[in-house]
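K.L.:
Sequence below, structure please.
(one chain, ligands or ions: 1)
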Amino acid sequence: MAEIIDGKLVSQHIRDEVAEGVERLKRETGVTAGLAAVLVGDDPASEIYVRNKRKACTEVGMYSEELRLPGETTEEELLSLVDKLNGDENIHGILVQLPLPSQISETKILRAVSPLKDVDGFHPYNVGLLVEGKPRFISCTPHGIIKMLDFYKIGIEGKEAVVVGRSNIVGKPVSLLLLHRHATVTICHSRTKPLDEVTRRADILVAAIGRADFITAGMVKEGAVVIDVGINRNKDGKLTGDVDFEGVSKKASYITPVPGGVGPMTIAMLLWNTLESARNFASS
Ligand code: NDP
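P.N.:
Now for the predicted structure:
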């Protein structure tokens, strides 16, 4: 039976570390790390994410602003708000909650966020630094995955890592991070054939697909470390990952649950990046 990788536990350690760092920065430089979260429209899931992020900021002693704009906001209006936040010295991290309404280009907005305040790590400049292996801000979910592996002292070097999913926010950046840590990395997607043959090679298997219970025990090598990024509702409406936890946990050596695995790490790493940014500003 697999050991559970407890994302709540690991994320609490990170938050404690961040809280200490926020306090020290304030004491030594007078700078209070600050995060602005921008929410356009009234998507209920986004509302919850933004509320949780705000609460998390308060808990670690950060300054936070929540900027809510109506669903009919124009691209120009949002660009002007981002521009204002780029120049606001109380704000060190800017988070634009996705998805944005259809009249606004997400690419344009994400590129308008100053790379120095891009704590989500989505700006092409920061993506480029990550590709080079000299990242400034690593996007939060992939960064959280590496932190969890490190916390449980799971070796990465020399391991065969398989990532299912090639999105810009999870699949690609986590593949790069594993590569920089000297794993041999294979990235799979919807056209990979035969997928199960590739996934069975994995010592470390990361599932970032968005399909409930997609990775089954037959797709996993005995003793593999399985990281489930997915957040889905199954047919009974229950929150579930991309991995069939019940079956796969009998075969894996370590596994992340959903909820309580990767999810809590994402917010913790957002706080981490915001503190990092505030430190950079304080020393510049
Ligand atoms: P995307 O939809 O952007 O990407 C999904 C990827 O899965 C694509 O690359 C797609 O391939 C691949 N895929 C889809 N179907 C198959 C298949 N049948 N076989 C193999 N590959 C397939 O999703 P995200 O990366 O944004 O998110 C993935 C999941 O992680 C979602 O459930 C999301 O909610 C969750 N998530 C969780 C976070 C957390 O904090 N825990 C943070 C971010 C996301 P192709 O490119 O060929 O279409």
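K.L.:
Please list the residues of this protein that sit near the ligand.
P.N.:
Contacts of the chain with the ligand, taken as C-beta under 6 Å from any ligand atom, map to 141, 164-167, 169-171, 188-192, 195, 208-211, 229-232, 262-263, 266. (Each C-beta comes from the backbone N, C-alpha and C, glycine too.)
K.L.:
from those, which would you call buried?
P.N.:
Buried members of the residues of the chain next to the ligand, scored by 16 or more other C-beta atoms under 10 Å, are 141, 164-165, 169-171, 188, 192, 195, 208-209, 229-232, 262-263, 266.
K.L.:
Tell me the spacing between the spatially closest residue to Asn86 that is not a sequence neighbour and the ligand.
P.N.:
Using C-beta to C-beta, 6 or more residues apart in numbering and skipping residues adjacent in sequence, the residue nearest Asn86 is Ser114, 4.3 Å away. The gap separating Ser114 from the ligand is 23 Å, by C-beta to the nearest ligand atom, to the nearest Å.
K.L.:
tell me how far whichever strand or helix holds Gly247 is from the chain's mean position?
P.N.:
Using DSSP states H and E, Gly247 falls within helix 245-248. Mean-position distance between helix 245-248 and its chain equals 24 Å (C-alpha atoms, centre = their mean, to the nearest Å).
K.L.:
average pLDDT for it?
P.N.:
Mean pLDDT, helix 245-248: 98.
K.L.:
next one: stretch 200-215
P.N.:
Stretch 200-215 carries an average pLDDT of 98.
K.L.:
Return the set of buried residues in that stretch.
P.N.:
200, 202-209, 212-215.
K.L.:
distance between the ends of it?
P.N.:
From its first residue to its last, stretch 200-215 covers 11 Å (C-alpha to C-alpha, to the nearest Å).
K.L.:
Now do the residue nearest to Asn86: how many residues are near it, please.
P.N.:
When neighbours are defined as other C-beta atoms under 10 Å, Ser114 has 16 of them.
K.L.:
Can you check the pLDDT for it?
P.N.:
Here the pLDDT value assigned to Ser114 is 98.
K.L.:
for Thr32, same thing?
P.N.:
pLDDT recorded at Thr32 is 98.
K.L.:
got a list of what the closest residue to it other than its chain neighbours touches?
P.N.:
Spatially, and ignoring its direct neighbours in sequence, Thr32 is nearest to Tyr63 (4.9 Å; C-beta to C-beta, 6+ apart). Counting by C-beta atoms under 8 Å, 6 or more residues apart in numbering, Tyr63 touches Thr32, Ala33, Gly34, Leu35, Cys57, Asn90.
K.L.:
Restricted to helices, list those.
P.N.:
Secondary structure from DSSP state H places Cys57 of the contacts of Tyr63 in helices.
K.L.:
Give me the buried entries from the contacts of Tyr63.
P.N.:
Among those, those buried by neighbour count (16+ other C-beta under 10 Å) are Ala33, Gly34, Leu35, Cys57.
K.L.:
So the last one sits against Glu65, correct?
P.N.:
So the one you mean is Cys57. No - judged on C-beta atoms under 8 Å, Cys57 makes no contact with Glu65 at a distance of 9.3 Å.
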